[in-house]
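# what shape does this take:
(one chain, ligands or ions: 1)
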Amino acid sequence: MLYLQPVSLTDGREFYDMLQHIGAKENGFLNSAYGIPYADFPAYLTRKVDMAQGVGLEDWMVPASTFWLMSDGVPVGQGNLRHRLTDALREAGGHIGYAVASDHRGKGYGKELLRLLLEEARRMGITEEILVTVYPDNAASRRVAEANGGQLRRETEERAYYWFS
Ligand SMILES: CC(C)(COP(=O)(O)OP(=O)(O)OC[C@H]1O[C@@H](n2cnc3c(N)ncnc32)[C@H](O)[C@@H]1OP(=O)(O)O)[C@@H](O)C(=O)NCCC(=O)NCCS
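Modelled structure (predicted):
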């Protein structure tokens, strides 16, 4: 069974290990836990929990919730859901970022991860259209967006803009 689980301060080694299978900045997805010592993982978790509650944000930041994609109790990916857009996020980043651990890719998890994040956005009360921005050459992510009904409304050399109503 696949489901989302919010990041929590008690998440342990299996979550850390999973994050070592996602690059530090893969196709624009930022993974600030990549390559850090395990001793620093609690601080990473604290930062994520704070961000979800809008605690300690810099001026340009918006609250963002982070979820694990769980497959039968095993973490296989991560998604970030920013609670609203800013002008900067409209250009790059959008509402949602997602990544699946490299050893779990190609099994349909990416598509499910975005589907669940879109559902979660509505559950959280985000009513505006949802934006996902993708590097044009990221074929897998484009398929993920298209499979979830994303409308490609704009494309530049740097990004494709998919909207979900
Ligand atoms: C993008 C990503 C989340 C896709 O995850 P995934 O679990 O492999 O995706 P799925 O298995 O659901 O596959 C989705 C589609 O992409 C296709 N696909 C998978 N890997 C692919 C590849 N390397 N090249 C082209 N298409 C690919 C699949 O065949 C599938 O297409 P289909 O609907 O025609 O069958 C994953 O590759 C990833 O984490 N990449 C690094 C981070 C990233 O790019 N995040 C997105 C930033 S916008």
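
# is the ligand contacted by whichever helix or strand Tyr3 is part of?
Here Tyr3, judged by DSSP states H and E, is contained in strand 2-6. No. Using C-beta under 6 Å from any ligand atom, strand 2-6 never reaches the ligand; the gap is at least 10.9 Å. In short, each C-beta sits where N, CA and C put it, glycine included.

# could you check how far the residue nearest in space to the middle of the chain is from the ligand?
By C-alpha atoms, centre = their mean, the mean C-alpha position of the chain lies nearest to Gly79, the distance being 2.6 Å. Going from Gly79 to the ligand by C-beta to the nearest ligand atom, to the nearest Å gives 9 Å.

# ok, that residue touching Leu4?
Yes. Gly79 is in contact with Leu4 according to C-beta atoms under 8 Å; the separation is 7.0 Å.

# now the common contact residues for the two.
67, 69, 116-117 (C-beta atoms under 8 Å, 6 or more residues apart in numbering).

# show me what contacts the closest residue to the ligand within the chain?
Using C-beta to the nearest ligand atom, Gly110 is the residue of the chain that sits closest to the ligand, at 2.4 Å. Residues in contact with Gly110 (C-beta under 8 Å, 6+ apart) are 77, 98, 100, 140-141, 143-144.

# please, which helix or strand holds it?
helix 109-123.

# for Trp163, same thing?
strand 160-164.

# rewinding a little: quick check: next helix or strand after the helix holding Gly110?
Criterion used, DSSP H and E; the element after helix 109-123 is strand 130-134.
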